[in-house]
Every structure is written in structure tokens, then in C-alpha cells.
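> Pasting the sequence and the predicted coordinates here, then a few questions.
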Amino acid sequence: MTAQSRTISPLAKFALELGPLGVFFFANARPHLFTPLVGALVPENLAQTGQLGILTATAVFMAATLAALVIHYVLVRKLPIMPLVSAVVVLIFGTLTLVLRDDHFIKLKPTIVNCLFGGALLGGLALGRPLLNVVLDSMIRLTDEGWRKLTFRWAMFFFVLAALNEIVWRNWSTDAWVNFKVFGIMPLTLVFALAQTPLIMRHTLPEDAEPAPQGDPNSLIE
């Protein structure tokens, strides 16, 4: 099997995306179980400050995110844009969180990532090149109008997620924010994606139609 023909099953892709979030939630709830792994980065005396859970979860989340990225590359021999960008932001803001002992940085990460994605999609629209078909790696075939509409909707959705993240972490406890990050963002994304089905069906290209050439910038490392 060549690198070009390798694909990842939807179940494996979902597991790689959800796995680090599950580890993040569990480490925040049971930080002492991870002390042997991250004790050098997160000393247990931080329990007195109430930060042991979120800092332990941050360290474990960074490792799990990197592991998921490596597994994805091993499976398909390429790194897709969105997980790669998200991993870079996780490493940057996670490092700031651990070094400065300030959980504001990791809480800002979803805001930054979603604003980057939303801005990139709107920028592509402004330049006359919807980028969503690149991100989706040709999983669906739409008319140009369909790509424009779907790209705009996803851009707005990313900005809504960024706003929701800001509202939650600034007004509720750290545990409430962790619950929102793990059990709120993913279900909202799935519901929104399903809600786009009518638009996709209206603008799907016929089987014999040729989609507009888009190149293959989805893979940054191949």
C-alpha cells in the first residue's frame, strides 16, 4: 500500500481526536494517579493551591496530543492541518501554563485555535479559494457555491466556539470549564456537522462531474 493510498478509518480518527480529551478529563479528576509520570513538572504540593488537577491534566494532555499526532502519521504517513495546528498551540500554551503555573494559558487555547481556524476559512473565502475542501481532504464533492456556503458556516461556528470558551472559563470554575471542553465542544461540533447535511445534499456534485482542482496542501508533512 502506498503512502498516497493510505486512509484512516472514521473510528480510528475519532479515537485519536477524543483520546487526548478523555485523558485530560481523567487527569484533572485524579491527578495523583499521574504523579509518577509528571511529578517533575507538577509537584504534588501544588494541591494546596488548587492547581494540581489542571496542571497535571495539562502535562498529560500535551503528551497525549503528541502521541495521537505520531500515531496518525504512522497510519497514513501525513499530518493533516487542523490536528497539527491544534497540537502546536497545545504545546505552546501548555508550556506557558506549566512554567508560569498559570492555567489561564491552557484555558485560552480553544479560543486561539478556533479563532485561527475561523480566520483562515474567512481569509480563504476573501481570496476566492474556500479552504474547507482542503481540510476535509476531498471526503465530499460540492459545487463552488456549496463550498463557499459551507466554509462560511464553519468559520462562524469556530468563532461561536471561541466565544463560548471565553464565557465558560471566565465565569465558571476550572472543573466546569474542563467538563465543557470535554463534554460540550465535541457534541456541539457533531450536532453542527449533522445540521449541514441538507446543504451538502443540495450542492453535491454528480458522480461524473469533475471538481475544481485544489491541490493537496492538507498534508504538511508527507
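Perfect, thanks for sending it.
> list the helices and strands the helix or strand bottoming out on mean pLDDT in the chain packs on?
Across the helices and strands of the chain, mean confidence by mean pLDDT, DSSP states H and E is lowest for helix 132-135: a mean of 82. Judged by 3 or more C-beta pairs under 8 Å, 6 or more residues apart in numbering; DSSP states H and E, the packing partners of helix 132-135 are helix 81-100, helix 144-171. For glycine as for every other residue, the C-beta is placed from the backbone atoms N, C-alpha and C.
> quick one: low-confidence ranges for this protein?
For the chain, the stretches with pLDDT under 70 are 1-5, 45-49, 137-138, 208-222.
> Can you lay out the helices and strands packed on helix 132-135 as TSV showing mean neighbour count and distance to residue 126?
Listed next are those as TSV, based on neighbours: other C-beta atoms under 10 Å; distance: least, C-beta to C-beta, whole Å:
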stretch	mean neighbour count	distance to residue 126
helix 81-100	18	18
helix 144-171	18	11
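> Reformat those helices as CSV; add distance to residue 201.
Output for those, formatted as CSV (distance: least, C-beta to C-beta, whole Å):
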stretch, distance to residue 201
helix 81-100, 24
helix 144-171, 10
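> rewinding a little: would you mind listing the buried residues in the least confident helix or strand of the chain?
By 16 or more other C-beta atoms under 10 Å, the buried positions in helix 132-135 come out as 132, 133, 134, 135.
> In this structure residue 152 contacts residue 125, no?
Yes: assessed by C-beta atoms under 8 Å, residue 152 is found in contact with residue 125 at 6.3 Å.
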